[in-house]
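S.K.: here is a sequence with its predicted model. Questions after.
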Amino acid sequence: MLYDLYCYITNLPRLHLLASSVIFYFLYYLLQAVKRPIVACSDGPFKKFLLKNIPALEMKFWPTFWCVESRAQTVLASFLRAQVIPHINYRREILTLKDGGEVALDWLEENCAEGAPCIIILPGLTGESQAEYIKCLVWSANNEGMRVVVFNNRGLGGIELKTPRLYCAANCEDLSEVVKHVRNTVPHCKLGATGISMGGLILGNYLARSSEEARTYLQAAKIISVPWDVHKGNASIEKPILNSLLGRHLAGSLCRTLRKCEIYKKTDIDMDRILSCKTIKEFDAEFTSKQFGYAHVDDYYDDATLINKLDKISVPLLCLSAADDPFQPLEAIPIKAAEKCSHVAIVVTARGGHIGFLEGMWPSTKDQYMGRLFAEFFKKTLFDKDGEFESTTKELQKIYEEYEVLTSSTESLNASMPVNFSENS
C-alpha cells in the first residue's frame, strides 16, 4: 500500500520533480559536504598528540544541511551568533605602549580558578571584543574554566587613537608588548594565543619572526580562517559578485574605523581619497602600506603572507581553514608545506566559509565546530593534567633545535663557497 502511494505521488509531475531534487541534494550533501577534515602535519609527536586527544579531528564535519554554501555560512554565522550570544561584561584594562599608543585589553576571568590558563585572542580586520565570533570563542574557553583576554587593536574597542598609527597584518610589535604584559599580569598561568582572519596573520608573523620569544611565553597557539597568501586572498575577495560584496563591506568597515580617528584630521594625509576606497586593496594601497613604510601595497602583502614562514614557527600551532573560504582559495592553503612541518598542523574542512563552520539542522547553540575545536585544543594543551603535552613539547623542541643546527650549518656552508662569475653570466 505504501509503495503504491509512493508511485502515485512520484508520478505527479511537480511532486516528482521536488522529490528528485531533494534526493539529488541529499546525495550531494553526503558526498561533497560531509567529510572528515584534512589534518596536514608531518608524521611526528604533534600530529600524534592531536589525533589522540582532539575528538573533533576524528569525526566528520556535518555543515548545516540547508546552509553549505560558503558565503551563506559566512553571513549566517555572523547573524546567528549575534542573536544567541549575549553581551559579555569584560574587565577592561588600558595598556600604554612604548610609543605612547594605547590598546584595550578586555579580560574575562569569571568561573576561573586562580591558576587557570589564559588565552590571548586577536580579532579580525576591524573586529573587537564584542564581535560575535570573538564571543563564541570567549564563551567556549570560559565554559572550560580558562581565562581570556581580548587584544583590541589600536583605534578599536571604543578607545581613542593616541598616536597617528593604526595596525597592519605584517606588524607584530604591539602583540609582542601585549604578550609580555599578560605574562607579567598572570605570571603563574600557562599562556595560549589565537588569531582570527587578520588577527591570525599578526599572530602567525609573531610566531615566525619572534620564534624564540614566542616559545618563551606561549605554550600553544591557534589561528582560524587566516588568509595564508594575502595576494590570492585579496584576488579571491574581489571576485564578482558575492565575494566582492563581502569585500566592499569590509572596506567600508576600514573606512569607518579611520573616520573615527580624530588625530588623522590634524595630519596631511588625503582623507577624502582614502575614505573613497571601495576595496580592501585600495585602502591598503592608499593608507596601510604607506603608514608602515612600504613602497608598494604588494610589498606589504609579501611581508604579511605566511605560506613561506611555517618552518620558522616553534610554538605548537593548530590552524583551522575551510576549503571553500571566499577569503582564501583552497590552492593557496599551504597543505604540502604543513605536511613537512613538525610544529604546525592545518585542519581543512570541506565547508565552513570564512569564520563560519555552522553545523546541525538549526545552528542556534553557542557551541559550534569552531568553538568546540578551539576549546578541545586549549583544554588539552594548557591544562595538560597528565603531562602528555609537556612531553610532546619537549620532543618538538629537540626536533626544532636539530633543524636550527642543520639550517645554520647549511647557511654557513653556502656563505663560505666561492662565487664563480662566468663571462656569460
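M.R.: Cool, the structure landed.
S.K.: list the contacts for K278?
M.R.: 248, 251 (Cβ atoms under 8 Å, 6 or more residues apart in numbering). C-beta: built from backbone N, CA, C; applies to glycine.
S.K.: actually, I335.
M.R.: Contact partners of I335, counting by Cβ under 8 Å, 6+ apart, are 38, 40, 346, 348.
S.K.: in the sheet, who's paired with the third one?
M.R.: The partner list for I346 in beta bridges (DSSP bridges) reads A40, C319.
S.K.: coming back round to it: which of the contacts of I335 sits closest to F374?
M.R.: I346 (15.0 Å; Cβ to Cβ).
S.K.: show me the contacts for that closest one.
M.R.: Going by Cβ under 8 Å, 6+ apart, I346 touches 38-41, 319, 321, 333-335, 338.
S.K.: what about stretch 375-392, start to end distance?
M.R.: Start-to-end span of stretch 375-392 (Cα to Cα, to the nearest Å) is 19 Å.
S.K.: and it, what's its mean pLDDT?
M.R.: Taken as a whole, stretch 375-392 has a mean pLDDT of 97.
S.K.: buried stuff in it?
M.R.: Under the neighbour-count criterion of 16 or more other Cβ atoms under 10 Å, stretch 375-392 has 375-382, 384, 389, 392 buried.
S.K.: show me which pair in these is furthest apart.
M.R.: A375 and T392, at 18.9 Å, using Cβ to Cβ across the buried residues of stretch 375-392.
S.K.: among the buried residues of stretch 375-392, which one lies nearest to V186?
M.R.: L382 (12.0 Å).
S.K.: could you pull up phi and psi at the residue nearest to the closest one when sequence neighbours are not counted?
M.R.: Computed as Cβ to Cβ, 6 or more residues apart in numbering, the closest residue to L382 that is not its neighbour in sequence is P117, at 3.6 Å. Note on P117: its backbone torsions stand at phi -70, psi 160 [degrees, to the nearest 10].
S.K.: so I120 lies in a helix, does it not?
M.R.: No. Counting by DSSP: H, G, I helix; E, B strand; the rest coil, one finds I120 to be strand, located in no helix.
S.K.: turn the contacts of I335 into a markdown table, columns for distance to L306 and pLDDT.
M.R.: Compiled in a markdown table, those are given as follows (distance: Cβ to Cβ, whole Å; pLDDT from 0 to 100):
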| residue | distance to L306 | pLDDT |
| --- | --- | --- |
| I38 | 18 | 97 |
| A40 | 14 | 98 |
| I346 | 11 | 98 |
| V348 | 15 | 98 |
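S.K.: closest to A235 among the residues you listed?
M.R.: V348 (19.6 Å).
S.K.: now do the SS call for S321.
M.R.: strand.
S.K.: how about low-confidence regions in the protein?
M.R.: Within the chain, the segments meeting pLDDT under 70 span 1-17, 365-367, 408-425.
S.K.: try it again at 90.
M.R.: Residue ranges of the chain with pLDDT under 90: 1-28, 83-84, 111, 265-268, 360-368, 401-425.
S.K.: most neighbours among the contacts of I335, which one is it?
M.R.: Counting neighbours by other Cβ atoms under 10 Å, the top entry in the contacts of I335 is I346, with 25 neighbours.
S.K.: mind checking how far that residue is from S197?
M.R.: 15 Å (Cβ to Cβ, to the nearest Å).
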